[in-house]
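J.: the sequence isn't on hand, but the structure is:
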């Protein structure tokens, strides 16, 4: 256990927090897509005839928007946990918009792309992306805000690393 008079450890650097939580965001999003799709017997890409490209493009863009939004939220200072909501909304819109554009390109029909975008914005897919982004962003903020040290065994001294 740490002693109360032990020096405070520095927080996790924002770049490290973003890298760790980006991997968690990606894993959580893909797992949730798979589980909801399996249990509810619904498609992740709800519009027929567009192939897999909209889903792939949407996830890649969602990861990029997540990293950029989280970097913005973790700017110097003491980041607020409400920033996770900003990241969630930005990722939700980024995912839906990019998948809709990819659907329009893949199907060569703008109406199909707009239909896909609207269904992703209002369907369960957008909720999955938003919840995964909010959860991961909250974790990134917590990593940066905390000053918790590494766990220590009772026999370790404060000078041992």
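T.: Done, it's in. Bear in mind that the values here come from a model prediction, so they are computed numbers and not experimental data.
J.: what secondary structure does residue 113 sit in?
T.: helix (DSSP: H, G, I helix; E, B strand; the rest coil).
J.: surely it and residue 98 touch.
T.: No - the pair residue 113 and residue 98 fails to qualify as a contact (C-beta atoms under 8 Å) at a distance of 10.5 Å. Using the backbone N, CA and C atoms, a C-beta is placed for each residue, glycine as well.
J.: find the residues that touch each one of these two.
T.: Here residue 113 and residue 98 have no joint contacts, going by C-beta atoms under 8 Å, 6 or more residues apart in numbering.
J.: shaky segments in this structure?
T.: 1-10, 148-151, 157-161 (pLDDT under 70).
J.: quick check: longest helix of it.
T.: Counting residues, the longest helix found in the chain (DSSP state H) is helix 14-40.
J.: okay, buried residues for that one please.
T.: 14, 17-18, 21-22, 25-26, 28-29, 32-33, 36-37 (16 or more other C-beta atoms under 10 Å).
J.: same question, stretch 110-118
T.: Quick answer for stretch 110-118 (16+ other C-beta under 10 Å): 112, 113, 115, 116, 117.
J.: from memory the third one sits against residue 47, does it?
T.: Looking back up the chat, that one is residue 115. Yes - with contacts counted by C-beta under 8 Å, residue 115 reaches residue 47, the gap being 5.7 Å.
J.: tell me the residues that contact both of the two, please.
T.: Joint contacts of residue 115 and residue 47 (C-beta under 8 Å, 6+ apart) are residue 103.
J.: which residues outside stretch 100-114 are in contact with it?
T.: So stretch 100-114 is contacted by 45, 47, 49-51, 53-54, 56-58, 115-118, 120 (C-beta under 8 Å, 6+ apart).
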